Every structure is written in structure tokens, then in C-alpha cells.
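Novice: Everything below, folded, please.
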Amino acid sequence: MKPQLLKVSNNLVNSFSARRDNVPYINNRWHYHAEVELIYFKKGSGTQFIGDNIKRFSSGDIVLVGAHLPHYWKFDNNYFNEGETDHADVIVIHFCENFWGSHFLSIPENKGIKQTLEKAQRGIQILDSNRESIASIMEQNLVASGSRRIILLMEPLLEIERSAKEKQLSSI
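Specialist: Residues are numbered from 1 along each chain as shown. Predicted structure coming up:
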């Protein structure tokens, strides 16, 4: 099946999007987009498809998906049953790699962020205790404003860079 190009909606107030989804059918299709995606499954389970990798996802999982990498999260059937008490709770941040300027990632201090975004071209699953810190920062980003939002985007990327346990998901 050919992935569909998804246009991530951006508003004129913010340079990147951070949102909470509480329904399991948001972007419920095989798709890709120009933005990098950082996703935290606070609550939910199902099957994730990232590039040529297929595996289960569950509550607590955090994944960084590079720009143009096809992906899809199919929630388990119980999330779609009428009267079901299980609800999804997912935080998603979409950003363009160059939203902070074309030279930002080229400065020496940002070498680690640049390498993290390069590795994200294959998808990165965070597997260690950094997940709790990253999740907390992502939650804060939902309500932050101004320059604080940008700082709260860089911090999870730095945590991923320092992560002792991560797994690249898709083959080259």
C-alpha cells in the first residue's frame, strides 16, 4: 500500500505543533509528512508500522519519526468498541527540521541534535528511563508559550541523544 502525504496543520502563532489526542482514529492510515514527529503514548496499545518495521506499541512508549518516513499506529480493537472505557491519550509534536533556521543544526553545540534527527530517519524507539523525563517535558510543551516551547522541544531531543537504550526501527 502506498503511504499518503499528510499535511500537518500549522497555525500562524506557533512554529511547530504540540497536541494531545484522546481518540484512537486520528491519522489512522499509512502516511508520511515533511515534519519530524515525536510521539508519546501515555495511554494506548496496538501495532505500530514505521518504515518496514512492525511491532506492538503500548502505554509509556515514545518514538521519534523522521521526516518523510511512512508510519501508522493501529490501536487495538477494544479502543473502537462502543461503550468502551479504554481511551487513548497520546501527545504528538510535529516540527520541521529547519524551523529554527537553516544554520541552527550546523553549529557545533547542536551536533548531537543533528545526529539524533539523522537517526530518526529510520525511526527511534526510546527504551530506557529517559522516557519518563521526555514524557514530562512533552506534557509541559502542551501549555507552554513563547520561547519556552522551543526549549521544551530541544530538551526531549537532548534526552534522546543521551539515551543509553534506544532502538532504530526501520531498515535503511
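Novice: Give me the secondary structure label for Val8.
Specialist: When states are read from DSSP: H, G, I helix; E, B strand; the rest coil, the local structure at Val8 comes out as coil.
Novice: which secondary structure elements does the worst-scoring helix or strand of the chain on mean pLDDT contact?
Specialist: Every helix and strand in the chain was compared by mean pLDDT, DSSP states H and E; the lowest is strand 4-5, with a mean of 78. In this structure, strand 4-5 makes packing contacts with strand 31-32, judged by 3 or more Cβ pairs under 8 Å, 6 or more residues apart in numbering; DSSP states H and E. C-betas here are computed from N, CA, C, even on glycine.
Novice: mind checking how far Asn28 is from Thr116?
Specialist: Going from Asn28 to Thr116 by Cβ to Cβ, to the nearest Å gives 27 Å.
Novice: ok, now Ser106?
Specialist: Using Cβ to Cβ, which is the criterion applied here, Ser106 is 15 Å from Thr116.
Novice: Distance from the longest helix seen in the chain to the middle of the chain?
Specialist: For the chain, the helix reaching the highest residue count under DSSP state H is reported as helix 147-162. The gap between the average C-alpha position of helix 147-162 and the chain average comes to 13 Å, counting by Cα atoms, centre = their mean, to the nearest Å.
Novice: Give me the packing partners of that helix, helices and strands only.
Specialist: Contacts defined by 3+ Cβ pairs under 8 Å, 6+ apart place helix 147-162 against strand 89-95, helix 111-119, helix 130-143.
Novice: In a markdown table: those, plus distance to Asp61, mean neighbour count and mean pLDDT.
Specialist: Shown next, in a markdown table, are the helices and strands packed on helix 147-162 (distance: least, Cβ to Cβ, whole Å; neighbours: other Cβ atoms under 10 Å; pLDDT from 0 to 100):
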| stretch | distance to Asp61 | mean neighbour count | mean pLDDT |
| --- | --- | --- | --- |
| strand 89-95 | 10 | 20 | 97 |
| helix 111-119 | 17 | 16 | 95 |
| helix 130-143 | 8 | 17 | 96 |
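Novice: possible to save these as CSV with distance to Phe49?
Specialist: As requested, the helices and strands packed on helix 147-162 are exported to CSV (distance: least, Cβ to Cβ, whole Å):
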stretch, distance to Phe49
strand 89-95, 16
helix 111-119, 19
helix 130-143, 21
